[in-house]
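In: generate coordinates for the sequence data below:
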Amino acid sequence: MENQDQDKLLRLYTRLNALKINLSPKGTIQDNFVGDYHLIVSEMESLTGSNLVEFKIPMSEVKPLPTGGTTNQMFYTSRSYCSSSLFFSKLDALMTYFQLKYLSNEKPQIGFVYKEE
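Out: Numbering: from 1, shown residues only. Got it, this is the predicted structure:
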């Protein structure tokens, strides 16, 4: 990876880290933050040529929240949200993937190591 691409990747990773630090891990995540996250994921896909769809939040999980109502009619928020646990599990998985694949000098060992005694 060229230095310029590595710098772009580092900037994208920094933006992911800023989301992680500045959003509450409890409750819900507003749709505009989900959109920001998806934009970063798409930019990472373009830069690396990797398919990162598994790290995106399914849009079926981003929906208005009920605010109350009656037996016959329910009221919902005007904004859509996803659960913070889903958001942070996808975010943490993406950050770990990129740490291991692009930002670490050491490659992880996968599999078993046989040691003779």
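In: any stretches of this structure with poor pLDDT?
Out: Counting by pLDDT under 70, the chain has low-confidence residues at 1, 103-117.
In: and the gap between the residue nearest in space to the middle of it and residue 18?
Out: Centroid check for the chain by Cα atoms, centre = their mean gives residue 91 as the closest residue, at 2.8 Å. Residue 91 sits 11 Å away from residue 18, going by Cβ to Cβ, to the nearest Å. Using the backbone N, CA and C atoms, a C-beta is placed for each residue, glycine as well.
In: ditto for residue 31
Out: Distance, residue 31 to residue 18, using Cβ to Cβ: 18 Å.
In: which residue ranges of the chain form helices?
Out: Secondary structure of the chain (DSSP state H): helices located at 3-22, 31-48, 84-98.
In: if you count neighbours, what's buried in the longest strand seen in the chain?
Out: Once the chain is assigned using DSSP state E, the strand that runs over the most residues is strand 74-83. The neighbour-count check on strand 74-83 (16 or more other Cβ atoms under 10 Å) flags 80-82 as buried.
In: touching that strand from outside, list them.
Out: Outside strand 74-83, the residues within contact range by Cβ atoms under 8 Å, 6 or more residues apart in numbering are 28-32, 34, 57, 61-69.
In: nearest to residue 40 among the residues you listed?
Out: Among those, residue 34 lies closest to residue 40 (Cβ to Cβ), at 10.9 Å.
In: what's the burial count for the closest one?
Out: Neighbourhood size, residue 34 [other Cβ atoms under 10 Å]: 21.
In: and it, what does it touch?
Out: Here residue 34 is in contact with 57, 62, 82, 87 (criterion: Cβ under 8 Å, 6+ apart).
In: my read: the first one touches residue 86, true?
Out: Yes - under the criterion of Cβ atoms under 8 Å, residue 57 lies in contact with residue 86, with a separation of 6.4 Å.
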